[in-house]
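Participant: Provided below are the primary sequence and the corresponding predicted coordinates.
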Amino acid sequence: MNPGFDGDTQAMALVGFSAVATITLLLCVMTGPDRDDLDEFYTGYSSLSPMRNGLAIAGDYISAATVLGTGGVIALFGYDGIVLALSTALSLMLLMFLLAEPLRNAGRFTMGDALTRRMPQGRGIRIAASAVTLAALLPLMLVQLAGTGQLMGFILGFSGESLQTGCIIGVGALMISYAAIGGMKGTALIQILKIVLLLGSGIVVAALVLHRFDWNPGALFDAAAAGSGVGDAFLASGLQFEGGVSPGWDMITSHLTVVLGGACLPHVTMRMYTASNARQVRRSMSWAVSSVSLFVLVITVIGFGATALVGRAAIAQADPRGNTAYMLGSQASFGTEVSAAETFLFTTVTAAIFLTVLASVAGMILACANSLAHDVFAARVEEMSPRREMLLARLSALAVGVPAILLATLVQHHSLQPLVTLSFCLGASAIAPALVYSLFWRRYTRTGLLATLIGGSLSVLLLMPGTNLVSGSPVSAFPDADFNWFPFTTTGLLSIPLGFLCGWLGTVASGRARAEEQRREYEEVEGWILAGATRRRT
């Protein structure tokens, strides 16, 4: 479907993209570390106020996959999409109430720090944590990089593969620069700018959608059901998973995976280490949860507005996954006569989505680079100088970013939903059990931790190729093939219990003596982890 963007709109969008790229790069240069100080590069000296840190957490948490993907699910599947959006908000609330303070107390720079707080001799654990960090974040990076070319082609009106590939390479180079130059503070400012622009433009568009229906949400929902072509089923549970072997179980495990996985992805948890104390992290998370909850309301209104004003069939024709629904709904909210102000607003919306891609991937590259430099390379040397570790972190950003760009150019024409699901499954099946056990189970041993990380990850990697997102349906990654032997949308039905089970079995296999020794070691740092009695620097 041609969205009908005229030349003026496309020209303004291009200007908006250029302005966003220029301003954000300047912000990184101006706020990046000006000396060789690890605390400045990794945490920005914990200098952000709770409001700014909370907005940065929300910015890291709301990725382009959330904006476009969740908006598409709402527009195509109605009620099921609302539940997905609510699961996204619930995931951040889980992080806030269960993990945020212990993570801040236990960690310093990376997830490897948090996991080894009670196990000082843990280089193998650091390497495993770094490997899981890369495995969980690389698929999300590919999704957003590959989607950049399609997004810009959709808005600017070109479809050539070479131009889309060029967009991926150019945007990827920007993202590497953000991570390498800006460090934690620079990327935080970009995340803040992103969430403010995204929420601000989204609130205005949502207001325009509601105005089209006389500020009556019921009328909006009824019109969306009529435009969906499936009637009342659009407002009932199960539309997204119909036709599966067990739609009920598929829906439950999909949302459980989002709740557990989203809260534990390393680029989100690394923001916990930028708070200076427990009170700061609580206040930061309050701002983050409030921002994400507001965004859930905004994206719900815009998604239903897209179905009501454009139609479910037209949205699916533009993109089978509905990734263009957010933009189509924004454009449709203006009506047939578009004023200069509305054209400017639409330019702001597209610039906000572009900035969302830039900021999200920059945060993920930074998390991977920090983990490689701090957990893998620096852990090999007793006393590595800050200057050398910072150089390694910047080189690691390049080492992560370049392969991600190359892989994104190869997968840009395939369905990318399996990659998004893979990241969340790894977060839910490997990282979540490891963090919960490490922070709260006194007898948890080194063997149990390695078993959790390795066993949970392997279960996801073995089950994922058999899901219906990879083959067996017209919208799968390989629509012409059918090796769908695990007919569910996610691997969570088996991989989440397996992740927790592997940790328990590994601990039991360590023996009673080792578990008792670990209990004593944990009790020595229990005050630090759970109550923040002090923040030990290691």
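Facilitator: Sure thing, it's come through. Computed from a prediction, not measured in an experiment: that's the story for all the values here.

Participant: tell me the contacts of residue 71?
Facilitator: 299, 302-303, 306, 322-323, 325-326, 329 (CB atoms under 8 Å, 6 or more residues apart in numbering). Where you see a C-beta, it was placed from the backbone N, CA and C, and this is true even at glycine.

Participant: How confident was the prediction at it?
Facilitator: At residue 71, the pLDDT value in this model is 91.

Participant: State the phi and psi torsions of it.
Facilitator: phi -60, psi -40 (degrees, to the nearest 10).

Participant: Okay, and the nearest residue to it once chain neighbours are set aside sits in which element?
Facilitator: Counting by CB to CB, 6 or more residues apart in numbering, residue 71 lies nearest to residue 326, which is 3.9 Å off, once chain neighbours are set aside. In this structure, residue 326 sits in helix 325-332 according to DSSP states H and E.

Participant: residues in contact with that helix?
Facilitator: Outside helix 325-332, the residues touching it (CB under 8 Å, 6+ apart) are 3-5, 67-68, 71-72, 74-76, 154-155, 205, 209, 299, 302-303, 305-307, 309-310, 314-315, 318-319, 345-346, 349-350, 353.

Participant: And the next helix or strand past it?
Facilitator: Helix 325-332 is succeeded, C-terminally, by helix 340-371 (DSSP H and E).

Participant: Which residues lie in contact with residue 471 in this structure?
Facilitator: By CB under 8 Å, 6+ apart, the neighbours of residue 471 are 477-479, 481-484.

Participant: and if you look at residue 64?
Facilitator: With the criterion set at CB under 8 Å, 6+ apart, residue 64 makes contact with 143-144, 147, 353, 356-357, 360.

Participant: For residue 468, state which of these is nearest.
Facilitator: residue 143 (18.0 Å; CB to CB).

Participant: From residue 86, how far off is that closest one?
Facilitator: 22 Å (CB to CB, to the nearest Å).

Participant: Neighbour count: these two, which is higher?
Facilitator: Neighbours around residue 143 and residue 86, counted as other CB atoms under 10 Å, are more numerous at residue 143. The numbers are 27 against 16.

Participant: Need the mean per-residue confidence for the helix or strand hosting residue 435.
Facilitator: Assigned by DSSP H and E, residue 435 belongs to helix 432-440. For helix 432-440, mean pLDDT rounds to 93.

Participant: Using PDB, write out the CA atom coordinates for it.
Facilitator: Written as PDB, here are the backbone C-alpha positions of helix 432-440 (Å, rounded to 0.1, in the frame of the first residue of the first chain):
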ATOM      1  CA  ALA A 432      15.900 -13.900  34.900                       C
ATOM      2  CA  PRO A 433      16.500 -17.200  36.700                       C
ATOM      3  CA  ALA A 434      20.200 -16.300  37.100                       C
ATOM      4  CA  LEU A 435      19.400 -12.900  38.600                       C
ATOM      5  CA  VAL A 436      16.600 -14.200  40.900                       C
ATOM      6  CA  TYR A 437      18.700 -17.000  42.200                       C
ATOM      7  CA  SER A 438      21.900 -15.000  42.600                       C
ATOM      8  CA  LEU A 439      20.200 -12.100  44.400                       C
ATOM      9  CA  PHE A 440      17.900 -14.100  46.700                       C
END
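
Participant: Contacts made by the helix or strand just after it with the rest, please.
Facilitator: Later in the chain than helix 432-440, the nearest helix or strand by DSSP H and E is helix 446-463. The contact list for helix 446-463 (CB under 8 Å, 6+ apart) reads 115, 119, 122, 124-125, 128-129, 131-132, 135, 422, 425-426, 429-431, 433-434, 437-438, 486, 491, 494-495, 498-510, 514, 518.

Participant: do the same with stretch 209-225
Facilitator: By CB under 8 Å, 6+ apart, stretch 209-225 touches 78, 231-232, 234-235, 301-302, 304-305, 307-309, 329, 333, 335.

Participant: now the stretch 251-400 of the chain, which segments are flagged as low pLDDT?
Facilitator: The model of the stretch 251-400 of the chain has pLDDT under 70 over residues 338, 382.

Participant: how much distance is there from stretch 423-431 to the middle of the chain?
Facilitator: 12 Å (CA atoms, centre = their mean, to the nearest Å).

Participant: Kindly export the helix holding residue 326 (C-alpha atoms) in CSV.
Facilitator: Taking Å, rounded to 0.1, in the frame of the first residue of the first chain, the C-alpha atoms of helix 325-332 are listed here in CSV:
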residue,chain,number,x,y,z
ALA,A,325,0.3,0.9,11.8
TYR,A,326,1.7,3.6,14.2
MET,A,327,2.6,5.9,11.3
LEU,A,328,-0.6,5.1,9.3
GLY,A,329,-2.7,5.8,12.4
SER,A,330,-0.8,9.1,13.0
GLN,A,331,-1.3,10.1,9.4
ALA,A,332,-5.0,9.1,9.3
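
Participant: ok so, going back, roughly how far is the helix holding residue 435 from the heart of the chain?
Facilitator: That offset, for helix 432-440, works out to 20 Å (CA atoms, centre = their mean).

Participant: could you say what helices and strands that helix packs with?
Facilitator: Where contact means 3 or more CB pairs under 8 Å, 6 or more residues apart in numbering; DSSP states H and E, helix 432-440 is packed against helix 100-106, helix 111-115, helix 247-264, helix 446-463, helix 492-509.

Participant: would you list those in a markdown table and tack on distance to residue 162 and mean neighbour count?
Facilitator: As requested, these are exported to a markdown table (distance: least, CB to CB, whole Å; neighbours: other CB atoms under 10 Å):
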| stretch | distance to residue 162 | mean neighbour count |
| --- | --- | --- |
| helix 100-106 | 44 | 25 |
| helix 111-115 | 38 | 27 |
| helix 247-264 | 35 | 22 |
| helix 446-463 | 33 | 23 |
| helix 492-509 | 39 | 21 |
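
Participant: Backbone dihedrals for residue 471, please?
Facilitator: Dihedral angles for residue 471 - degrees, to the nearest 10 - are phi -150, psi 170.

Participant: cool, and residue 473?
Facilitator: phi -150, psi 160.

Participant: what's the answer for the one 10 residues further on, then?
Facilitator: Dihedral angles of residue 483 (phi, psi; degrees, to the nearest 10) stand at phi -120, psi 40.

Participant: For the residue nearest to it when sequence neighbours are not counted, list each beta-bridge partner.
Facilitator: Excluding the flanking residues, the one nearest residue 483 by CB to CB, 6+ apart is residue 471, at 5.2 Å. Bridge pairing for residue 471 (DSSP bridges) gives the partners residue 478.

Participant: was I right about residue 373 contacting residue 389?
Facilitator: Yes: if you go by CB atoms under 8 Å, residue 373 and residue 389 touch, sitting 5.7 Å apart.

Participant: Now find how far off-centre the longest helix seen in the chain is within its chain.
Facilitator: Using DSSP state H to assign secondary structure, the helix with the most residues in the chain is helix 123-156. Between the centre of helix 123-156 and the centre of its chain there are 9 Å (CA atoms, centre = their mean).

Participant: Could you tell me the average pLDDT over that helix, please?
Facilitator: 87.

Participant: quick check: angle from it to helix 247-264?
Facilitator: 110 degrees (axes from the mean of the first three to the mean of the last three CA atoms, to 10 degrees).

Participant: What's the first helix or strand after helix 123-156?
Facilitator: helix 161-177.

Participant: Can you give me the buried ones in that following helix?
Facilitator: 164-165, 167-169, 171-172, 174-177 (16 or more other CB atoms under 10 Å).

Participant: What is the nearest of those residues to residue 277?
Facilitator: Among the buried residues of helix 161-177, and counting by CB to CB, the member closest to residue 277 is residue 175, at 31.2 Å.
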